[in-house]
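S.K.: Generate a structure from the sequence data that follows.
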Amino acid sequence: MPCLYAIEKTIQILSSHLSSMSRSLLFVSLLMAHFCYAQSPADQGVSAIDKTIDSLSFAKSPQQKINLSQRIAIRLADEDWSRAISYLELAEREAGKLKNDKVRLAEIYMVAANMYSSKDVLDVTLDYYQKAYAIYHTANDTAEVIKIENNVAIIYARLMTICNKKETHCA
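M.R.: Numbers count the residues shown, from 1 in each chain. Alright, predicted model coming up:
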């Protein structure tokens, strides 16, 4: 409380010495300073990705780098495909450093497959699903194996739809 009293007294003293013109000028300058530093929602969206990228530079463990790289890749997939892929490759390299955790690599393959699937690059999608399938099958993770089998069936159905639209024979 004594601190608040001192601040209040200081404000009263300064106010008494400032003319009404000076107070108005002070108010306007504070108001302008507020609006100069305001951010638009678009700037805040970009800064969220930038903050995640900054966090990646300070990450120490491969697990942290993998998580952040995947998050960045997913966010960038619609805006900047080549950068998204480079962050996904970084996650894959970091997962390679984890000698006993191949399931982590399979998770990255699943993210990559889903990203390529969203862009209708179905051959690469199938490659990533096959890589993930091999790891999950070796790890006896039945739930993930079933998910991949379902996703592969969906990809083949999409391929058949494409073939039927082109009226060509697909083998």
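S.K.: alpha carbons only for contacts and neighbour counts from here, please
M.R.: Fine.
S.K.: State which helix of the chain is the longest.
M.R.: Counting by DSSP state H, the longest helix found in the chain is helix 142-166.
S.K.: Can you give me the buried ones in that one?
M.R.: 144-145, 148, 151-152, 155, 159 (16 or more other CA atoms under 10 Å).
S.K.: of those residues, closest to R75?
M.R.: R75 lies nearest to N151 out of the buried residues of helix 142-166, by CA to CA, at 21.8 Å.
S.K.: do you know how far the closest one is from N114?
M.R.: 9 Å (CA to CA, to the nearest Å).
S.K.: now E92
M.R.: From E92 to N114 the distance is 15 Å (CA to CA).
S.K.: can you pull out the strands in this structure?
M.R.: Along the chain, no segments are classed as strands by DSSP state E.
S.K.: which sections of it are below the confidence cut-off?
M.R.: When residues are selected by pLDDT under 70, those of the chain lie in 1-47, 167-171.
S.K.: Show me how it divides into domains.
M.R.: Domain segmentation of the chain under automatic domain parsing yields 45-99, 100-171.
S.K.: Distance check, Y116 against L122.
M.R.: From Y116 to L122 the distance is 7 Å (CA to CA).
S.K.: And E79, by the same measure?
M.R.: E79 is 20 Å from L122, by CA to CA.
S.K.: quick one, which of these two is more surrounded?
M.R.: It is L122, of E79 and L122, that has more neighbours when counted by other CA atoms under 10 Å, with 19 against 10.
S.K.: Surely the more buried one and A153 touch.
M.R.: No. Shown here, L122 and A153 do not form a contact pair, counting by CA atoms under 8 Å, at 11.8 Å.
S.K.: Near Y87, how many other residues are there?
M.R.: 22.
S.K.: Equivalent analysis for the one 10 residues further on, please.
M.R.: Other residues within reach of K97 by the criterion other CA under 10 Å amount to 13.
S.K.: Could you find the closest non-adjacent residue to it?
M.R.: P62 (7.3 Å; CA to CA, 6 or more residues apart in numbering).
S.K.: any idea how far that neighbour is from I72?
M.R.: In terms of CA to CA, P62 sits 15 Å off from I72.
S.K.: thinking again about what came up before, please report the distance of the residue nearest to K97 from L56.
M.R.: 10 Å.
S.K.: isn't T125 right next to V111, touching?
M.R.: No. T125 is beyond contact range of V111, at 9.9 Å (criterion: CA under 8 Å).
S.K.: More neighbours: which of these two?
M.R.: Using other CA under 10 Å as the criterion, T125 and V111 rank with T125 on top: 24 against 21.
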